[in-house]
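Undergrad: With the sequence up front, the predicted model follows.
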Amino acid sequence: MEIILKQDMANLGNKDEVVTVKNGYGRNYLIPNGYATTATESAKKVLAENIKQRAHKEAKVKADAEVIAKKLQGIKLTIGAKTSTTGKIFGSVNTIQIAEALVAKGFDIDRKLISIADDHIKEIGNYTLEIKLHREVKVNIDFEVVSE
């Protein structure tokens, strides 16, 4: 029995794939639970059209992300933090502070897209962060933590 998956299924396939499964598995589990639909000819045509439209939209989103990535490439951030006399930061530098610094530079980037290599930045110094603008477009930015 051929079915079209509505979501990613472990050991079976990804969303919008046409896969062949045993009749009982498809009719008694996948289709009633909403994980799949029957792969009729009309359903396959609709799926092909949806994939084509999604690919067009995805290409536009990726192109926009690449434009932003090129603008971010040469940027240098400086984050100010309150420190002790030994250079230890009271608290730590997090993605919220980095997102605010990016807004000050003119880039409105969600903090959830930012990941810091060192999870807890507790000292003054130079660090690197990664911004994931798209699943295929990532930008590494160097930033410096200084004492206020």
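TA: Yep, that arrived.
Undergrad: In the record's domain split, what are the boundaries for this protein?
TA: 2-63, 70-147 (automatic domain parsing).
Undergrad: Make CSV out of the ones you listed and add mean pLDDT and mean neighbour count.
TA: Where C-beta positions appear, they are placed from N, C-alpha and C, glycine not excepted. Formatted as CSV, the domains of the chain follow (pLDDT from 0 to 100; neighbours: other CB atoms under 10 Å):
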stretch, mean pLDDT, mean neighbour count
domain 2-63, 93, 13
domain 70-147, 88, 14
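Undergrad: residue with max distance from the center of this structure?
TA: Taking CA atoms, centre = their mean, the residue of the chain most remote from its mean C-alpha position is residue 85, at 38.4 Å.
Undergrad: So that residue belongs to a strand, correct?
TA: No. Counting by DSSP: H, G, I helix; E, B strand; the rest coil, residue 85 falls outside a strand, being coil.
Undergrad: now it: how far from residue 124?
TA: 12 Å (CB to CB, to the nearest Å).
Undergrad: the helices in the protein, which residues?
TA: Listed in chain order, the helices of the chain (DSSP state H) span 23-25, 41-72, 95-104.
Undergrad: Present these as a markdown table; the columns should include distance to residue 116.
TA: Converted to a markdown table, the helices of the chain look like this (distance: least, CB to CB, whole Å):
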| stretch | distance to residue 116 |
| --- | --- |
| helix 23-25 | 44 |
| helix 41-72 | 15 |
| helix 95-104 | 7 |
